[in-house]
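>>> Turn this into a structure:
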Amino acid sequence: MVELTYSSQRSPRYVASGKKFSAQIKSRSAAASRSGNLSVAVEVGKILYWLSCSEPVMLVRHDPASDELRFVWMDDGFAAALTNRRPGWQTARTVTVQFRPGDRLVPERQAEIQGYVLRWRPAGRQPIAPEQFFVLRQQVGELTRRLASVADVVGVATLSAPVAELANRVALAAYTIAITGPSRAGKSTLINALVRREISPVNVLPTTGLPVVIVGGPTPSATVKFKAGAPRAVDPTAAGLAPYVTQQENARNVKGVQLVEVTLPDPGLMNGVSFVDIPGLDDADPAIGAAAGLVVAAANAIVYVIDASPFENGGFSLNVHHVGDLRRISASADRVFLLLNKADGLSPEKHRPLLDYVNGELQRFDLQSSLPNAPHLLSAREAWAARTTVGALPDPLAPFESELWGFILGNNKAGIYLLRAAADEVARRIPDAVRVVDVELGQAQTRADLEAARATGLGRYARLAPGLARLRDEAWWALDRQLATSKSAILAYLVKAIEAVPAGGQLPSPDQVRVYLETYTAAALKEGGTNVSNSLARIHQSAARTVEEAFSQPTVQQTLGMGPPGVPIDLSSASVPIPEDLSSPIMAAAVGGLAGLALGPLGAIAGAVFGFLAGLFMSAETRHRRRASALTDHSTAALDQAFTEIRNGLWRLLSQGADRVKRWADDRANVFATDLQRRAALAGSPMAPERQRALVAVRAELPTLLAAARAQVTELERYVF
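Just a heads-up that it's a prediction; the model follows:
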């Protein structure tokens, strides 16, 4: 499986686009035919499976002799060609797939492959028709409004908050593309060409002084919104907008315009994308520059336009202002497209040198990673003429527009995807509403019933404290016996070794005895720590079972439905955090002894034990067998003190861990008890008739709403690819 990726401007990493295709690779050593074709036999069942896949499938043929790769797409075109060559192939066991010399898989075809994958649709998918997006948005908006009314009646915050967010998502449902760059670069002409209508005023002087937002709509319209006062409808043309957005007719925004919004029935905008024509980033007016900066910061993608015509006479350069702009805007947008405008002012022989120069400067300023697409050289004026003149003029904007839409639609950023997600969310939320309504309508408990359930739960839970203490004490008794046995075994072996030294023989040195004691004391400590950890796990499991059993009464389950928000009914999957690092006086004692001995969380106890051992044995005398008794006495005293430290440390670990479990269980039980108390207060009197009628009406509507939401999801799936 291969996934298309694109460079993110917010991260040095590549971001997955969500567009994937499957590559099936077959390697054969057979020679090519006379025509140069390579072939491979494939089972018909596999061909049929690949043709029915939900993603594009590329069949790749590898030739080991030349290490060459060739490919064909498993699509309707392939099936038609195969049927034409071999009718009835579906009934055969295998078919031979031909790979022509022109089917080579080489890096130069990467853009072609990417375009194929972005345009590919499974059977049943279709492009969205003009105005259809807004019909769909209205339908999804109606679904969210109906769900919002349900949430208002039900009165559950966990349902109302997501519904409000859904309504906002549907209202916005747009991917914003800002057209920006220095003044007089031809931005307004470009945006006019993109929407095929003269919307943005054009002049030889800097014109646009306020952002103009252009969105899709069923009919052309324009609205001027003021900082104070009612909005004003104006003619959706450059002449109609000029008195409000140009610096010549509204200098320093003396008219108090806040926003100008234009709606157009443009096919591209029908996918839920909006363009914003903004003032130049280098405008001398600080207010205009600030307004442009705010729009750029909020845009999803940015088209940065530069006037390249001065290159004809050697007057063009990618200056520090351009570089600064590109660095600043690339930090916030998904993608930045660099467009070199006014190519009609350049002789054809200057095109390649200009592109080479710009690419070299981008590399010199380390901007190529921020601009993964190659710069486009075109004339917005020629594009405008081609799109508004009757005739077959070549459209210089088409390749750039194809790349722009390919990125947007190929990365699930357009509004159609947001609508699909919103409709799907409505369908997912309705069952939650059904459960909540059913719970409330089915409530027959009075305040006394709920209080009794709460008291019963708390009474059952009250058994936890002595049970925890008992489990802790039992674990400690077992651990204490284990430590005593370990200490006796360590000492017995040492005494036996000392007594076994013959008269005149060499007794173990203090260092040898210390190393022996440290080694086996460390083993005892590690084993004790493991037992403490296991004991705490058992204590926690007991606490979780106690909480669950205490509040698993039928009354509680019926009242809480799916359980209190954020608290699972199955508490056995929860965990008690026991810190790895122990900040206690034991840590301070670890300075001496076996410094550097790594025992994880038990290292603090080990430091205290071995520090004591090291200090005690510094003065031990071991010169001859007559001192064996003294050596044994010293060893016994040292071991006693070491195991005292171990016992104290492990007891602290066990008791502190048990305390944490108790606090955890108290918190969980309190959540249940508090929610029962709140419900009891609400259920203190019979349900009002008006409330009951409203809930019954909502419950009757919910199945119809769910069916409508699912049908809407199915409808939107036709346009999503």
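>>> quick one, phi psi at Arg196?
Torsion angles at Arg196 (phi, psi; degrees, to the nearest 10) stand at phi 60, psi 40.
>>> Show the pLDDT at the closest residue to it other than its chain neighbours.
Spatial nearest neighbour of Arg196, chain neighbours left out: Arg387 (5.0 Å); criterion: Cβ to Cβ, 6 or more residues apart in numbering. Quick note: C-beta positions are derived from backbone N, CA and C, even for glycine. On pLDDT, Arg387 comes in at 85.
>>> cool, and the one 10 residues further on?
The confidence metric pLDDT takes the value 86 at Leu397.
>>> re earlier: how many neighbours does the residue nearest to Arg196 have?
Residues near Arg387, counting by other Cβ atoms under 10 Å, number 17.
>>> Can you tell me the SS state at it?
Arg387 falls in the helix class when you classify it by DSSP: H, G, I helix; E, B strand; the rest coil.
>>> same question, Ala23
With three-state DSSP as the basis, Ala23 sits in strand.
>>> tell me the contacts of the residue lying closest to it once chain neighbours are set aside?
Closest residue to Ala23 apart from its sequence neighbours, by Cβ to Cβ, 6+ apart: Met58 at 4.9 Å. Neighbouring residues of Met58 by Cβ atoms under 8 Å, 6 or more residues apart in numbering: Phe21, Ser22, Ala23, Gln24, Phe71, Val72, Trp73, Met74, Ile113.
>>> cool, Asp640 as well?
Contacts of Asp640 (Cβ under 8 Å, 6+ apart): Lys487.
>>> Pro510 - how many residues pack around it?
Neighbour tally, Pro510, other Cβ under 10 Å: 19.
>>> returning to that earlier point: just the pLDDT at the residue nearest to Ala23, thanks.
93.
>>> phi, psi of it?
Per-residue torsions, Met58: phi -110, psi 120 (degrees, to the nearest 10).
>>> circling back to that earlier point, surely the residue nearest to Arg196 and Ala193 touch.
Yes. Between Arg387 and Ala193 there is a contact at 5.7 Å, judged by Cβ atoms under 8 Å.
>>> low-scoring stretches of the stretch 551-700 of the chain, by residue?
Along the stretch 551-700 of the chain, the model assigns pLDDT under 70 to residues 552-627, 683-687.
>>> if you set the cut-off to 90 instead, what comes out?
551-699 (pLDDT under 90).
>>> try the stretch 51-200 of the chain
Where the stretch 51-200 of the chain drops to pLDDT under 90, the residues are 51-56, 62-67, 74-93, 100-103, 107-188, 191-200.
>>> Could you rerun that using 50?
Scanning the stretch 51-200 of the chain for pLDDT under 50 picks out the ranges 124, 130.
>>> Tell me where it has helices.
Ranges of helices within the stretch 51-200 of the chain are 76-85, 110-119, 132-154, 157-172, 187-195, based on DSSP state H, counting those that start in this stretch.
>>> Mutual contacts of Arg387 and Ala193, please.
Common neighbours of Arg387 and Ala193, using Cβ under 8 Å, 6+ apart, are Leu397.
>>> gap between stretch 219-230 and the chain center?
The chain centre lies 37 Å from the centre of stretch 219-230; the measure is Cα atoms, centre = their mean, to the nearest Å.
>>> And the contacts of it?
By Cβ under 8 Å, 6+ apart, stretch 219-230 touches 197, 231-237, 240-241, 244, 255-265.
>>> if you set the cut-off to 10 Å instead, what comes out?
131, 197, 199, 210, 212-214, 231-237, 240-241, 243-245, 253, 255-266 (Cβ atoms under 10 Å, 6 or more residues apart in numbering).
>>> could you flag which of those are buried?
Neighbour counting by 16 or more other Cβ atoms under 10 Å classes 197, 199, 210, 212-214, 234, 236-237, 240-241, 244-245, 253, 255, 257, 260-266 among the contacts of stretch 219-230 as buried.
>>> State the helix or strand in which the nearest residue to Glu451 once chain neighbours are set aside lies.
Of all residues not flanking Glu451 in the chain, Ala680 sits nearest, at 5.3 Å (Cβ to Cβ, 6+ apart). In the assignment (DSSP states H and E), Ala680 maps to helix 628-682.
>>> Return the distance of that helix from the chain's centre.
Chain-centre distance of helix 628-682: 39 Å, with Cα atoms, centre = their mean.
>>> Downstream of it, the next helix or strand is which one?
helix 689-717.
>>> Please identify the buried residues of that next one?
Buried residues in helix 689-717, defined by neighbour count with 16+ other Cβ under 10 Å: 695, 698-699, 701-702, 705-706, 708-709, 712-713, 715-716.
>>> Now render the residues you listed as a markdown table, adding distance to Gly360.
Formatted as a markdown table, those follow (distance: Cβ to Cβ, whole Å):
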| residue | distance to Gly360 |
| --- | --- |
| Leu695 | 70 |
| Val698 | 66 |
| Arg699 | 69 |
| Glu701 | 65 |
| Leu702 | 63 |
| Leu705 | 60 |
| Leu706 | 59 |
| Ala708 | 57 |
| Ala709 | 54 |
| Gln712 | 51 |
| Val713 | 50 |
| Glu715 | 50 |
| Leu716 | 46 |
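>>> nearest to His62, of those residues?
Distance to His62 across the buried residues of helix 689-717 (Cβ to Cβ) is lowest for Leu716, with 39.9 Å.
>>> ok so, going back, in helices, which of the contacts of stretch 219-230 appear?
Gly240, Leu241, Pro243, Tyr244, Val245 (DSSP state H).
>>> Quick check: the third one touching Thr237?
Looking back up the chat, that one is Pro243. No. In this structure, Pro243 is not within contact of Thr237 by Cβ atoms under 10 Å, at 11.6 Å.
>>> Name the residues contacting each of these two.
Pro201.
>>> tell me how far the ends of stretch 383-399 are from each other?
Taking Cα to Cα, to the nearest Å, stretch 383-399 runs 11 Å from one end to the other.
>>> Ok, stretch 55-75 next?
The first-to-last residue distance of stretch 55-75 comes to 10 Å (Cα to Cα).
>>> Buried ones in it, by neighbour count?
Neighbour-count burial for stretch 55-75 flags 56-63, 68-74 (criterion: 16+ other Cβ under 10 Å).
>>> what's the offset of that stretch from the middle of its chain?
The answer for stretch 55-75 is 33 Å, by Cα atoms, centre = their mean.
>>> cool, stretch 51-59 as well?
Here the centre of stretch 51-59 is set off from its chain's centre by 27 Å, with Cα atoms, centre = their mean.
>>> try stretch 220-237
Stretch 220-237 sits 38 Å away from the centroid of its parent chain (Cα atoms, centre = their mean).
>>> And for stretch 467-480?
The chain centroid and the centroid of stretch 467-480 are separated by 45 Å, computed with Cα atoms, centre = their mean.
>>> hey, C-alpha coordinates of it in PDB?
Only the C-alpha atoms of stretch 467-480 are listed here, as PDB (Å, rounded to 0.1, in the frame of the first residue of the first chain):
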ATOM      1  CA  GLY A 467     -10.400  -5.200  53.500                       C
ATOM      2  CA  LEU A 468      -7.500  -3.200  52.200                       C
ATOM      3  CA  ALA A 469      -5.700  -3.100  55.500                       C
ATOM      4  CA  ARG A 470      -6.200  -6.800  55.900                       C
ATOM      5  CA  LEU A 471      -4.700  -7.500  52.400                       C
ATOM      6  CA  ARG A 472      -1.800  -5.100  53.200                       C
ATOM      7  CA  ASP A 473      -1.100  -6.800  56.600                       C
ATOM      8  CA  GLU A 474      -1.300 -10.300  55.000                       C
ATOM      9  CA  ALA A 475       1.100  -9.300  52.300                       C
ATOM     10  CA  TRP A 476       3.500  -7.800  54.900                       C
ATOM     11  CA  TRP A 477       3.400 -10.900  57.100                       C
ATOM     12  CA  ALA A 478       4.300 -13.100  54.100                       C
ATOM     13  CA  LEU A 479       7.000 -10.600  53.100                       C
ATOM     14  CA  ASP A 480       8.400 -10.400  56.600                       C
END
